[in-house]
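Participant: after the sequence you'll find the predicted model.
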Amino acid sequence: MRILKYLVILSTIFASSISSAGTLVVNSNQSGESSEAAFNAYVAAFEAAHPDIDVQVNLTEHEAYKTAIRNFLVAEAPDVAIWFAGNRMKFFVDQDLFMDVSDVWADADLNNIMSSSKASLTVDGKQYGVPWGYYQWGVYYRKDIFDNLGLNVPQDWDEFKWVCAMLKKNGITPITIGTKYLWTAGGWFDYLNLRVNGYEHHMDLTAGKISYEDSSLDAVFDAWRELIDPGYFLEDHATYSWQEAQAPQINGEAAMYLIGNFYVPALESAGVVDKMDFFQFPPIVEGIGTFEDAPTDTMHIPSGAKNVEDAKKFLAFMSDPAAATNWAKMAGMLSPNSLADAPTDRFQKMGFAMLNAADGLAQFYDRDANPDMAKAGMEGFQEFMVKPDREGKIRARIEKERERIHGPL
């Protein structure tokens, strides 16, 4: 009886292993109708090319995923995890939670196909992920409102402030924003600092090499106050998510939104995309180069992955031009795959041209900075947008956190 019982246990374990063979577990943050559909299309294309592999997708809401990933990478790692390039990736690489996938880059010829994104996924000469999309940031605006009020696209900071004043005078909220999830405030800080102090300063700051109380940042916060004090931002923006902040612009109550191109599918769904246009964040200080945020979204193999062989196939499949084109296009992004189709969407065309002409590309504040530093910084930025008179205390608090994380200068 003991032998029979032992054989039954063995057969159960064996059957379980057979049923799970060929299953690839992917944790995804591609929530939202258009993003989920785009990712599902990539999965379907992969499964068609690899019929022996069954992909199991665990979808988590985008913001909740940012917290969940810290837990599941340690407790129950999937085979593939979607994440971000830059310091957001390096944080997990430094903890040995992401696997070196340099062999995928070599075997799938990604070193040639994805060369423009390679640096943002490289740590100590090794690659730890594969990019699938990147996108421009800029000002999406209601062209119909501008036309009705006789407003032109601002060419510099003074013109931008004048446009804001005219919009407010006519009962239109100049700038919509939702800072409930903080990172939208980080986008404003990025552009103001890039336009005031330039790329090298911004990279040194996010690397912890410049104090947040440094006088070089005075002009950044001063420029920000030129929009905050007159009330040019959406009221009560700290209570709105970035998605909820879309409504005032879609309804014609707000004119401008500084956001990434992932916003476009929502405009299409709302039926207002034909009323929209896009312009580059205006220059502030003469002589400072034109630098842009171009965040890169990525796929990684956690160190605790069980099906590494199929996970590498999943990442390598990004070398397929059709699959790469479709995922990025449906998600409102540009493909980093040089063999992918050229963008046809007008916003993607504008973004592609703008990024190619830029003097340099940053990832984004919360991707260029240490995660703990980014959290402290963005909490301060949001508070500043609500209570600008606290600037000194806010900057001192952020600096205290910088010194804790990076050490004294």
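Facilitator: Perfect, I can see it now.
Participant: grab the nearest non-local neighbour of residue 152.
Facilitator: With sequence-adjacent residues excluded and distances taken as C-beta to C-beta, 6 or more residues apart in numbering, residue 152 is closest to residue 146, at 7.4 Å. All C-beta spots, glycine's among them, are computed from the backbone N, C-alpha and C.
Participant: typo on my end, it should be residue 335
Facilitator: In this structure, residue 335 finds its nearest non-sequential neighbour in residue 328, 3.8 Å apart by C-beta to C-beta, 6+ apart.
Participant: look at the one you found and give its secondary structure.
Facilitator: Remark: residue 328 carries the secondary structure label helix [criterion: DSSP: H, G, I helix; E, B strand; the rest coil].
Participant: right, and it touches residue 117 too?
Facilitator: No: Residue 328 is beyond contact range of residue 117, at 11.9 Å (criterion: C-beta atoms under 8 Å).
Participant: the more surrounded of these two?
Facilitator: More crowded of residue 328 and residue 117, by other C-beta atoms under 10 Å: residue 328, with 27 against 23.
Participant: okay, that one and residue 279: tell me how far apart.
Facilitator: Spatial separation of residue 328 from residue 279 under the definition C-beta to C-beta, to the nearest Å is 22 Å.
Participant: pLDDT below threshold where in this structure?
Facilitator: Low-confidence segments of the chain (pLDDT under 70): 1-21.
Participant: which parts of it are strands?
Facilitator: Listed in chain order, the strands of the chain (DSSP state E) span 23-28, 54-59, 80-84, 122-123, 126-127, 130-134, 137-142, 173-175, 254-260, 276-279, 291-293, 296-300, 360-362.
Participant: figure out which of the ones you listed is closest to residue 389.
Facilitator: Residue 389 lies closest, by C-beta to C-beta, to one member of the strands of the chain: strand 173-175, at 20.0 Å.
Participant: now do that closest one: distance to the chain's middle.
Facilitator: Counting by C-alpha atoms, centre = their mean, to the nearest Å, strand 173-175 is centred 23 Å from the centre of its parent chain.
Participant: what's next to it, contact-wise?
Facilitator: Contacts made with strand 173-175 from outside it, assessed by C-beta atoms under 8 Å, 6 or more residues apart in numbering, are listed as 163-165, 167-168, 227, 232-235, 248, 253-258.
Participant: what is the neighbour count of residue 301?
Facilitator: Other residues within reach of residue 301 by the criterion other C-beta under 10 Å amount to 25.
Participant: swap in the one 3 residues further on?
Facilitator: Per other C-beta under 10 Å, the neighbour tally for residue 304 reads 16.
Participant: give me the distance between it and residue 284.
Facilitator: If you measure residue 304 against residue 284 using C-beta to C-beta, the figure is 46 Å.
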